[in-house]
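S.K.: Provided below for reference: sequence and predicted model.
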Amino acid sequence: MQASVGDRLLIHGRIVGQHDRNAEVIEVLGANGGPPYRVRFEDGHETVMSPGPDTVVRPFAAND
């Protein structure tokens, strides 16, 4: 997985009833665009994460 600052991560819910979550990549901490990433969720919460297979990267240009 590779992402850049400004890209969005779509994290799919892993259990029934759990909603998908969106986060904006605000810092790339890994080499060559790889994880971990510092992200900001829609509610303003920030965290460092290494996304799993339930996550999709949406490039910044596709966020329009």
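M.R.: Cool, the structure landed. Numbers count the residues shown, from 1 in each chain.

S.K.: Let me see the contact set for the nearest residue to V28 once chain neighbours are set aside.
M.R.: Distances taken as Cβ to Cβ, 6 or more residues apart in numbering place Y37 nearest to V28, at 5.8 Å, with adjacent residues excluded. No exception for glycine: its C-beta is placed from N, CA and C like everyone else's. For Y37, the contacting residues are A3, L9, V25, E27, V28, L29, G30, V48, M49, S50, P51, by Cβ atoms under 8 Å, 6 or more residues apart in numbering.

S.K.: And those, which is closest to H19?
M.R.: The nearest member of these to H19, counting by Cβ to Cβ, is L9 at 14.4 Å.

S.K.: so that closest one makes contact with R58?
M.R.: Yes - using Cβ atoms under 8 Å, L9 makes contact with R58 at a distance of 7.5 Å.

S.K.: Which one's more surrounded, those two?
M.R.: Neighbour count, other Cβ atoms under 10 Å: between L9 and R58, L9 has more, with 21 against 15.

S.K.: which residues does the residue nearest the centre of the chain contact?
M.R.: Residue closest to the mean C-alpha point of the chain, counted by Cα atoms, centre = their mean, is L9 at 2.8 Å. L9 is in contact with A3, N22, A23, E24, V25, Y37, V39, P51, T55, V56, V57, R58, counting by Cβ under 8 Å, 6+ apart.

S.K.: Distance of the spatially closest residue to Q2 that is not a sequence neighbour relative to V25?
M.R.: Of all residues not flanking Q2 in the chain, G33 sits nearest, at 3.7 Å (Cβ to Cβ, 6+ apart). Taking Cβ to Cβ, to the nearest Å as the measure, G33 falls 9 Å from V25.
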